[in-house]
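Trainee: got a predicted structure here, sequence first:
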Amino acid sequence: MELTLSTRTAEPFEIIAVGGEIDVYTAPRLRESIVSAIDAGHRRLIVDVEQVEFLDSTGLGVLVGALKRVRADGGSLDIVCTHERILKIFEITGLDKVFGLHATVEAAVQSHR
C-alpha cells in the first residue's frame, strides 16, 4: 500500500497526516516530511496516523528520532491514533509513555493549553 502524507498548520502546531503503511520502504518519506517541518521552524508537531494500516519498527524509529529532535528545542510531538492494532504497538514498546497519544487532532492541541 502506498504512503500518503499531507501537512497543514494550526498555529503553533504543524499537523502531518499519514495514511497507508509505514515500513522500511516508506519510512524515509515520513522522515523527510517531518524533517522539512522541523527545518521550516516548526517545533510543535502532531502526527495523525488515523489512516495508517501498518506501522513497523522502522516507522517507530522515525517517530522517536523526530521526538528527540523537537524535544531538544523545547518542542513536542503528539500522535493521533484510535486503532487498537497500532496503539498496541506503542504499548508493547513502552512508547505510549513517551508520546502523547490522542483520539483527535483537537484533543492533541488541547493537551498543550
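Mentor: That came through, no problem.
Trainee: direction included, what does the host helix or strand of I46 pair up with?
Mentor: I46 belongs to strand 44-55 when assigned by DSSP states H and E. Applying DSSP bridges, strand 44-55 is found paired with strand 13-22 (parallel), strand 76-80 (parallel).
Trainee: so how far is the longest helix anywhere in the chain off the chain centroid?
Mentor: The longest helix of the chain (DSSP state H) is helix 57-72. Centre-to-centre, helix 57-72 and its host chain are 8 Å apart (CA atoms, centre = their mean, to the nearest Å).
Trainee: tell me what that helix is packed against?
Mentor: Under the contact criterion of 3 or more CB pairs under 8 Å, 6 or more residues apart in numbering; DSSP states H and E, helix 57-72 touches strand 13-22, helix 27-39, strand 44-55, strand 76-80. C-beta: built from backbone N, CA, C; applies to glycine.
Trainee: now distance to S111 too, for the ones you listed, in a markdown table please.
Mentor: Below are those laid out as a markdown table (distance: least, CB to CB, whole Å):
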| stretch | distance to S111 |
| --- | --- |
| strand 13-22 | 11 |
| helix 27-39 | 19 |
| strand 44-55 | 10 |
| strand 76-80 | 7 |
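Trainee: need the winner for burial among the ones you listed.
Mentor: Among the helices and strands packed on helix 57-72, strand 76-80 has the highest mean neighbour count (mean count of other CB atoms under 10 Å), at a mean of 22.
Trainee: so which bits of the longest helix of the chain are buried?
Mentor: Neighbour counts over helix 57-72 (16 or more other CB atoms under 10 Å) mark T58, G59, L60, V62, L63, V64, A66, L67, R69, V70 as buried.
Trainee: grab the most central residue of this protein for me.
Mentor: Per CA atoms, centre = their mean, the C-alpha nearest to the average position across the chain is that of V47, at 3.0 Å.
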